[in-house]
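K.L.:
Model the structure of this input:
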Amino acid sequence: MKINANIAISQSGYIFNPQTGESFSLNPIGVEVIRMLQEEKPKETIVASIVDRYDVTASAFACDLDDFVSLLKQYEMLTDE
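P.N.:
Predicted coordinates:
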């Protein structure tokens, strides 16, 4: 998974896709996940990082991550490359 290079992401979690003109705001965990996706970290690493720092189970966060990734793909912000 890789964030498309043209996606603009601010430190505060504002995301802009110039290809579609859409913008979104993320919560702090969403920003962390986006940063890890930009670094092309594997899913297992992302899950472990979040589970280590927040009160969430690995299985619950893995499902949330799958949903988040699906949305990013739907909004043309993420590729499988």
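K.L.:
just the helices in this structure please.
P.N.:
Ranges of helices in the chain, per DSSP state H, are 28-38, 43-53, 58-74.
K.L.:
Mean neighbour count, those helices: which tops it?
P.N.:
Highest mean neighbour count among these (mean count of other Cβ atoms under 10 Å): helix 28-38, with a mean of 17. The C-beta positions use only the backbone N, C-alpha and C, and glycine is treated the same way.
K.L.:
Tell me what angle that one forms with helix 43-53.
P.N.:
Relative orientation of helix 28-38 and helix 43-53, computed by axes from the mean of the first three to the mean of the last three Cα atoms, to 10 degrees: 150 degrees.
K.L.:
ok, residues contacting stretch 13-26?
P.N.:
By Cβ atoms under 8 Å, 6 or more residues apart in numbering, the surrounding residues in contact with stretch 13-26 are 4, 6-9, 27-28, 30-31, 34, 75-77.
K.L.:
cutoff 10 Å now
P.N.:
3-4, 6-10, 12, 27-34, 68, 71-72, 75-77 (Cβ atoms under 10 Å, 6 or more residues apart in numbering).
K.L.:
Please apply the same query to stretch 54-69.
P.N.:
Outside stretch 54-69, the residues touching it (Cβ under 10 Å, 6+ apart) are 1, 26, 28-30, 32-34, 36-37, 43-44, 46-52, 77-78, 80.
K.L.:
What would that stretch look like as PDB? C-alpha coordinates only.
P.N.:
These are the backbone C-alpha positions of stretch 54-69, laid out as PDB (Å, rounded to 0.1, in the frame of the first residue of the first chain):
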ATOM      1  CA  TYR A  54      -3.400   3.100  22.600                       C
ATOM      2  CA  ASP A  55      -6.100   1.100  24.500                       C
ATOM      3  CA  VAL A  56      -7.200  -1.100  21.600                       C
ATOM      4  CA  THR A  57      -6.900  -4.800  20.700                       C
ATOM      5  CA  ALA A  58      -4.900  -5.900  17.700                       C
ATOM      6  CA  SER A  59      -8.000  -7.500  16.100                       C
ATOM      7  CA  ALA A  60     -10.200  -4.500  16.600                       C
ATOM      8  CA  PHE A  61      -7.600  -2.100  15.200                       C
ATOM      9  CA  ALA A  62      -6.800  -4.400  12.300                       C
ATOM     10  CA  CYS A  63     -10.400  -4.300  11.300                       C
ATOM     11  CA  ASP A  64     -10.500  -0.500  11.700                       C
ATOM     12  CA  LEU A  65      -7.300  -0.200   9.600                       C
ATOM     13  CA  ASP A  66      -8.800  -2.400   6.800                       C
ATOM     14  CA  ASP A  67     -11.800   0.000   6.800                       C
ATOM     15  CA  PHE A  68      -9.600   3.000   6.700                       C
ATOM     16  CA  VAL A  69      -7.500   1.600   3.900                       C
END
